[in-house]
Each structure stands twice: as C-alpha cells, then as structure tokens.
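> how would this look folded up:
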Amino acid sequence: MNGAQSLIRSLADAGVEVCFGNPGTSEMHLVAALDEVPAPRAVLCLFEGVATGAADGYGRMADRPAATLLHLGPGLGNGLANLHNARRACTPLVNVVGDHATYHKRLDPPLESDIDAVAATVSGWLRRAGAADDLAADAADAVAAALTPPGRIATLILPADLAWTDVSWSAAPATGGPGTVDVVGPIPVADEVVARTAGILRSGEPGALLIGGAAARGEGLRAAGRIAAATGARLLCETFPARLERGAGVPVAERLAYRAEAVAGQLAGVRHLVLAGAVSPVSFFAYPGAVGDLVPEDCQVHVLAHGQEDLTGALTALADATAGGAAAQLAAPERPSPPGGALTAETMAYVVGALLPERAIVVDEANTSGPWLPGATAGAPPHDWLTLTGGAIGQGLPVATGAAVACPDRPVLCLESDGSAMYTISALWTQAHEGLDVTTVVLNNSAYAILDMELRRAAAAEPGPKARELLDLSRPGLDFVSIARGMGVPAERSVTAEEFTGALGRALAEPGPHLVEAVVPPLV
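Residues are numbered from 1 along each chain as shown. Predicted coordinates:
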C-alpha cells in the first residue's frame, strides 16, 4: 500500500463518501487510489470553484464532510471564493491539496506557490503532511477537525512523494464518531446563561431573537418558534443562512434584510436582541455617511449561544423556561396561483411558489431578482433554503450540484442570476455527467443589476457610460439555452409568465438536470 491509498482508505473509514475533484499531475496517485477503495465516490468538476462549492452544498445537506481534490496552489486559489462561502456557512469540508514532491520544491518549478498561506485564509484546520506513514492519521484528524462544531474547513497539503511512498497500514485514531474518528461535541450552554436570557425575554421590554446555524432548522428552530410565541419576541434569521427550514407547518423566521435601511425598520423599537448561532448584524459594506453597526443605539445585545455551543440544547432549555405549553407560529399552507402576462422578477416568484415540490432544496442566488421569493414560497410545502452565505457570487450552481449528490431522493431547484451563473457555469456539465436531479432557473436580465444598485448607493450618482460598460451583459447577449444544451442539459427559454409556468413544470416533473432561462427586466 502507498501513502495515497492509506489516505483514501482512512477518509472512507472516517465516513467521507464523496470526493469532488479537479486533480492534476501531483495528485495522480490519489486518483489511482480511488479505484482501490469502494468509497468515496469520485465526482469530476471542470473548475475548482465548482468542486469547492459542491462540497459546500453537500456538507450543508449531509451534515458530514465531502472531500475536495485540488491541484497545487493555483487549483486551491481557483476554489477560494466558494471556500470562503463554505467557511461563512460553517460547512464541514475536507480539502486535499496536492503539492510538489518535497525534494522538488527547492527547484522552484512553474507551479510552485505558498499553498499554506493561501489555505490559511479559509481553513479552520491546516496541516502539511510530513511522513507517508502518518497519512492515515492525518486524514482522520482532518475529518475530525471538519466535524468540530459548528463545522470547519480542514485542509491537508500532500507532497507527491508521500503519496507514492509505500507504507504499512495503521488504523486511524480510536472510534467515537463517524467511521474511525473522535468527534468533539458542542459545548453546553451554562444554566445561568439560559436563566438570564429567560429573564430578559420575560421583562416586558420589546425583544428579538436572531438565529443562525443549526438554530435555523430542526429542533432548534421549533424551540425558537415556541420562545417567540410565548414572549412576544420577534423571530429573525440571519440574512444569508446556510440552511433554513421553511414552508407550511414550519415555524416562521423572518430573514434579516440585506439593505441597512430595511434592517433599521426590522429592529426599530427592539430593546433586547438575543443571538443564537448568529452574530450581531452589521452592514455588508460601508457607505458614505452611514453607520455599519445595525443594532439600534438603545438596544442591548445578549448572546445565548455561539456556533461552537449547543444551540439546540440552549434553545430547548430556554423554551422550557419561557414557553410552557405555548406553540410556535407555523406557516399556513398557501400557494399563489400561477400568474399570466409579462415575466418579471415578481411573476417568476409566484410561479415558483405555485410549483415548488415538497421536500425541495432551494438554492437561492437570485440576487436582485429575488425580492418576492420569500413571500411567494412561505406557504409552499416544507423545504430547505440555501443561500449565498459569504457574498462571493458564483455559488448557486455548485452548491445545487453538491446538494443533489447529498440528497438524491429530493428535488433541487437552483434560482440563479445570469452574471453569477457565468462564474461557475461548468457545474451544468457535472450535473449532466452525474445525472443529478437539479432544475436551474437562470434569471437573465442582461445586467450585473446588483452592482448597478451598489454603484448608486455608494457613489450616489447615476452611472455614466464607462460605468455602464462594466454592468452590461447585453453585448453580446448570453444564450443560456445553447450553453446548457452544449453541456448536455435540456433547456428552454421563457419570456412570458405562461411560458415560464409550463417550462418549470416540465423541468420539475422530469428526472435529471434541466435549465429554464427566464428573461426578466432588471430591477434598479
């Protein structure tokens, strides 16, 4: 057995079932080793940003890490934007990054770079492998690190000569978690913190509970709903949750708005803001003459639990202390009727609300075309909503790909803006190659509308001709139907609400990947 085989076997024993890869020469022994072990499944991505984004989507839905296989520093760099998003989502993820052989690095070959420095910007755990005989333990440690609450990116850098060196198989660390790794559990929240928070929410002063991470789903979300119902606190969710459960029969958590002006309205009058798995809200960017801290001056911020702590346990204890027999406010089953007439961002949202399947996984990178989606889908059958956690666009298509690999029995709907789609458009090829049940809606408004909005806000001026050149996607126009078909994905184009209703219905009814290009006007 060589080092690469021991590493892959250790990953499999530790519960890693999928490897999203874009390998190169320095990783060929790892590629060969994948044939020696039944798991993990190997999924080819044509760009490293697709591999890292797919691993993010997989981890969000599976609650366990996938691996990525990346080629040296440039390959890691290509995947960095979606690793940033994964870090912000607290997704468990294991990167295996190949490096030159230890004795070759001193020659400064063309692809030589400081992999450690690049990896450190997104990794919660980072190790450069030092001995072939230690690779099994290195892999197990990486998985354990990735599973450390609330979830981390673990990066293992593997010099090529360690991969091809013969080793004797040695077992990974003692059992205690998935496979053969010890997993550290969440930190319990002290009883005094729960009691103090209960007193604050029962004080009679206006309060709000801002949730994130694991609190946005499952028992944590249900407990948060009970707390809000019993205390009158407003139940809010962070702006871009990694995974939010919503729909009919699910407690209603209002997402914090993107724009600072809207957040000011949501928090107006709140005297106590309790954080559970979320951070105190700040604006995404600085603007001239505007404050970045979005908490009202007369509002106190209180932390119930951080992401590393037992969010579900803390919220359950808080609900028991405050709610008694109170029941959470649940979303009522309600769907809009499919509209007719012009296809706009608003009518698109109503069509999605009318047709969204039960147990769907919605990956939302609609950006400026998405304002009506929350309201239109609030009463749809229960579903999960995955969002752009770190703000680095180009996430939607890869995350949808990984979510579909993690949950092959659930339909995935990716709502993707046109500019963002072009960052990682090759994810469509992977969806076709793997036969994944992903329906992609590309909202084609022929513009970087989000940048147009930000330009107006930051510069407080109408864009001039040079500025407009950097925001315009219409010369030439992007033909997403041809692009998708060229990568093996069936596609249709819609310019009216009726056409979109028919195309989306057909795409959702058929297994496998599909794309619907929805031509909508830009919002300013």
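> switch to C-alpha atoms for all contacts and neighbour counts from now on
Noted.
> buried sites along the helix or strand of the chain at the bottom of the mean pLDDT ranking?
Lowest mean confidence among the helices and strands of the chain (mean pLDDT, DSSP states H and E): helix 449-459, at a mean of 73. Under the neighbour-count criterion of 16 or more other Cα atoms under 10 Å, helix 449-459 has Ala449, Ile450, Asp452, Leu455 buried.
> what of stretch 181-191?
Val181, Asp182, Val183, Pro186, Val189.
> likewise for stretch 478-487?
For stretch 478-487, burial by neighbour count (16+ other Cα under 10 Å) applies to Leu478, Phe480, Val481, Ile483, Ala484, Arg485, Met487.
> which residues does the spatially most central residue of the chain contact?
Nearest to the geometric centre of the chain sits Ala242, at 4.8 Å (Cα atoms, centre = their mean). Ala242 sits next to Arg60, Ala89, Cys90, Gly213, Trp385, Leu386, Thr387, Leu388, Thr389 when contact means Cα atoms under 8 Å, 6 or more residues apart in numbering.
> a helix runs through it, doesn't it?
No - if the criterion is DSSP: H, G, I helix; E, B strand; the rest coil, then Ala242 is coil and not within a helix.
> apart from its chain neighbours, what residue comes closest to it?
Ala89 (5.0 Å; Cα to Cα, 6 or more residues apart in numbering).
> what distance do you get for the one you found to Thr430?
23 Å (Cα to Cα, to the nearest Å).
> doesn't Leu304 lie inside a helix?
No - assignment of Leu304 by three-state DSSP gives strand, placing it outside any helix.
> surely it meets Val193?
Yes - using Cα atoms under 8 Å, Leu304 is in contact with Val193, at 6.5 Å.
> just give me the closest of the buried residues of helix 449-459 to Val143.
Taking Cα to Cα as the measure, Val143 lies nearest Ile450 of the buried residues of helix 449-459, at 36.9 Å.
> give me phi/psi at the closest residue to that closest one other than its chain neighbours?
Leaving aside its chain neighbours, Ile450 sits nearest to Thr368 (5.8 Å; criterion: Cα to Cα, 6+ apart). For Thr368, the backbone dihedrals (degrees, to the nearest 10) come out as phi -70, psi -10.
> quick one on the thing from earlier: narrow the contacts of Ala242 to those in helices?
Mapping the contacts of Ala242 onto helices (DSSP state H) picks out Arg60, Ala89.
> reformat the contacts of Ala242 as TSV; add pLDDT.
What follows is these, written out as TSV (pLDDT from 0 to 100):
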residue	pLDDT
Arg60	98
Ala89	98
Cys90	97
Gly213	95
Trp385	98
Leu386	98
Thr387	98
Leu388	96
Thr389	96
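> can you pick out the most distant pair from the contacts of Ala242?
Using Cα to Cα, the two most remote members of those are Cys90 and Trp385, lying 15.6 Å apart.
> tell me which of the two has more neighbours.
Cys90 (27 against 20; other Cα atoms under 10 Å).
> how much space is there between Ala286 and Thr347?
33 Å.
> neighbour-wise, which of these two wins?
Thr347 (24 against 12).
> mind listing what the more buried one touches?
Pro339, Gly340, Ala497.
> before we move on, what SS does it have?
Assignment for Thr347 (three-state DSSP): helix.
> separation between it and Leu304?
Separation of Thr347 from Leu304 (Cα to Cα): 40 Å.
> again, but for Ala518
With the distance defined as Cα to Cα, Ala518 ends up 43 Å from Leu304.
> of these two, who's got more company?
Ala518 (29 against 26).
> who's in contact with the residue lying closest to Gly390 once chain neighbours are set aside?
Nearest residue to Gly390, sequence neighbours excluded (Cα to Cα, 6+ apart): Asn85, at 4.2 Å. Residues counted as contacts of Asn85 (Cα under 8 Å, 6+ apart) are Asp56, Leu388, Thr389, Gly390, Gly391, Ala392, Gln395.
> just the buried members of those?
Asp56, Leu388, Thr389, Gly390, Gly391, Gln395.
> hmm, back to that, of Ala89 and Thr430, who's got more company?
Using other Cα under 10 Å, the more surrounded residue of Ala89 and Thr430 is Ala89, with 27 against 24.
> circling back: tally of neighbours for the residue nearest to Ile450?
Thr368, neighbours per other Cα under 10 Å, totals 19.
> give me the pLDDT value at it.
At Thr368, the model reports a pLDDT of 89.
> now it: how far from Thr424?
Applying Cα to Cα to Thr368 and Thr424 gives a distance of 19 Å.
> which parts of the stretch 401-524 of the chain are helices?
For the stretch 401-524 of the chain, the helices defined by DSSP state H, counting those that start in this stretch cover 418-421, 427-434, 449-459, 465-469, 480-486, 497-509.
> about what we covered before: for the residue nearest to Ala242, what are its contacts?
Residues in contact with Ala89 (Cα under 8 Å, 6+ apart) are Arg60, Gly213, Pro241, Ala242, Thr389, Gly390.
> most distant residue from the middle of this structure?
Leu107 (39.1 Å).
> where does the protein dip in pLDDT?
Across the chain, the ranges flagged by pLDDT under 70 are 169-180, 459-461, 524.
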